[in-house]
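1. the following block contains a protein sequence and its predicted model.
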Amino acid sequence: MRAVLQRVSEARVRVDNEIVGEIDTGLLVLLGVGREDEERDAVYLAEKTAGLRIFEDDGGKMNLSVIDVGGAVLAVSQFTLYGDCRKGRRPGFSDAAPPQEAERLYRCYVEGLRRLGISVATGVFRAEMAVELVNDGPVTLLLDSRRQF
């Protein structure tokens, strides 16, 4: 499972020009599910997302987590994180999980964050979405659950 985390002062996602998910301070997470991923990947990434100390403390050091600052998460499914661009000019997506399994694990990730006490907004799975954000810092990090095993 792969995630792009962006520290934001605000973020929202629209479907058909209607806001379906919105947060203020927190993290925008673009989440991709791979063919080999399991529930343990979703649990690991939820815990890692919740605990990452990437918000500044009073001394200006990245020392606080999204939980510490009372922030929220906007989680948006993005299968293109598994796009393979090594050959040709068109990415291949054979490493991405099939939609039904990807949605199940995406929901597992979202529920994992909620169990940790984080307010979570979401996009609409498999919908054409427009994502808007104000990246705070900017701070953008990549996580890959397969790099922990």
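-> Thanks, I have it.

2. name the residue most distant from the centre of this structure?
-> Gly88 (28.0 Å; CA atoms, centre = their mean).

3. what about Pro138, which helix or strand?
-> strand 130-144 (DSSP states H and E).

4. that strand packs against which elements?
-> Secondary-structure packing of strand 130-144 (3 or more CB pairs under 8 Å, 6 or more residues apart in numbering; DSSP states H and E): strand 2-15, strand 26-32, helix 39-51. Using the backbone N, CA and C atoms, a C-beta is placed for each residue, glycine as well.

5. run the chain-centre distance for the longest helix seen in the chain.
-> Criterion DSSP state H: the longest helix present in the chain is helix 99-115. Centroid separation for helix 99-115 versus its chain: 11 Å, with CA atoms, centre = their mean, to the nearest Å.

6. ok, the residue positioned nearest the centre of the chain to Leu81 distance?
-> Among the residues of the chain, the one closest to the centroid is Val29, at 2.2 Å (CA atoms, centre = their mean). Distance from Val29 to Leu81, counting by CB to CB, to the nearest Å: 11 Å.

7. pLDDT below threshold where in this structure?
-> Within the chain, the segments meeting pLDDT under 70 span 148-149.

8. the residue farthest from the centre of the chain: what secondary structure?
-> Three-state call for Gly88 (DSSP: H, G, I helix; E, B strand; the rest coil): coil.

9. that one and Ala11: what is the separation?
-> 33 Å.

10. same thing with Phe93?
-> For Phe93, the distance to Ala11 (CB to CB) stands at 25 Å.

11. these two: which is more packed in?
-> Remark: of Phe93 and Ala11, Ala11 carries more neighbours, 26 against 15, as counted by other CB atoms under 10 Å.

12. so what's that one bridging to?
-> Note on Ala11: beta-bridge partners Ile23, Leu133, judged by DSSP bridges.

13. surely it is in contact with Glu22?
-> Yes - judged on CB atoms under 8 Å, Ala11 makes contact with Glu22 at a distance of 7.2 Å.
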